[in-house]
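*Asks:* have a look at this prediction, sequence included:
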Amino acid sequence: MFGIAIYATGFSTSQGYQIYHGDRADLLLIRLEDLDKCATEAFGEFLGVTDFGLSNENITSDKAHAEVYQKFVQITVLPEAYIDAVYDSVRARHFYTATELETSKAQYRGRAPHA
């Protein structure tokens with residue numbers, strides 16, 4: 001629709017963001033986990049602003065359900081086939097290095113069920 005072929009163009013894993021130029025629009029794509037480290041630079045480059053900053057809102061640890069969420073994260077074990085399907089996908093391989101993917105896979109595989 002916008003003439004942007006994301007997978008036909010590389011993604012800067014070291015920056016954590018990439019600007020794509022299309023026929024009808026431009027696109028700033030940021031890896032969510034890199035938002036804190038690259039937002040100022042990314043939005044500055046994309047929009048030409050120099051005073052962009054983020055503020056932390058909607059923080060899970062500040063909520064009443066924080067303990068329940070943390071327990072859920074600790075005890076949830078994902079099936080090996082699901083981990084492989086997610087981290088071996090075309091999308092994952094485009095936006096992450098092989099080392100990043102292996103580190104993430106190992107993190108999820110390292111979770112054992114807790115009583």
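*Replies:* Looks like it arrived, so ask away.
*Asks:* can you list the weak-confidence ranges in this protein?
*Replies:* Where the chain drops to pLDDT under 70, the residues are 111-115.
*Asks:* how does it look with 50?
*Replies:* By pLDDT under 50, the low-scoring segments of the chain are 114-115.
*Asks:* what does the domain assignment say about it?
*Replies:* If you go by automatic domain parsing, the domain ranges for the chain are 1-55, 58-115.
*Asks:* out of these, which one sits most buried?
*Replies:* Compared across the domains of the chain, domain 1-55 shows the largest average neighbour count, a mean of 13 (mean count of other CB atoms under 10 Å). For every residue, glycine as well, the C-beta is placed using N, CA and C.
*Asks:* how far does it stretch from start to finish?
*Replies:* End-to-end distance of domain 1-55 (CA to CA, to the nearest Å): 32 Å.
*Asks:* stretch 11-27 too?
*Replies:* 12 Å.
*Asks:* other residues contacting it?
*Replies:* 1-4, 6, 9-10, 28-31, 33-35, 37-38, 41-42, 45-46, 94-97, 100 (CB atoms under 8 Å, 6 or more residues apart in numbering).
*Asks:* which ones among the residues you listed lie within helices?
*Replies:* Among the contacts of stretch 11-27, DSSP state H puts Leu35, Lys37, Cys38, Glu41, Ala42, Glu45, Phe46, His94, Phe95, Glu100 in helices.
*Asks:* output the residues you listed in JSON lines, with distance to Pro79 appended to each entry.
*Replies:* Below are the ones in helices among the contacts of stretch 11-27 laid out as JSON lines (distance: CB to CB, whole Å):
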{"residue": "Leu35", "distance to Pro79": "29"}
{"residue": "Lys37", "distance to Pro79": "31"}
{"residue": "Cys38", "distance to Pro79": "32"}
{"residue": "Glu41", "distance to Pro79": "38"}
{"residue": "Ala42", "distance to Pro79": "35"}
{"residue": "Glu45", "distance to Pro79": "40"}
{"residue": "Phe46", "distance to Pro79": "38"}
{"residue": "His94", "distance to Pro79": "23"}
{"residue": "Phe95", "distance to Pro79": "23"}
{"residue": "Glu100", "distance to Pro79": "21"}
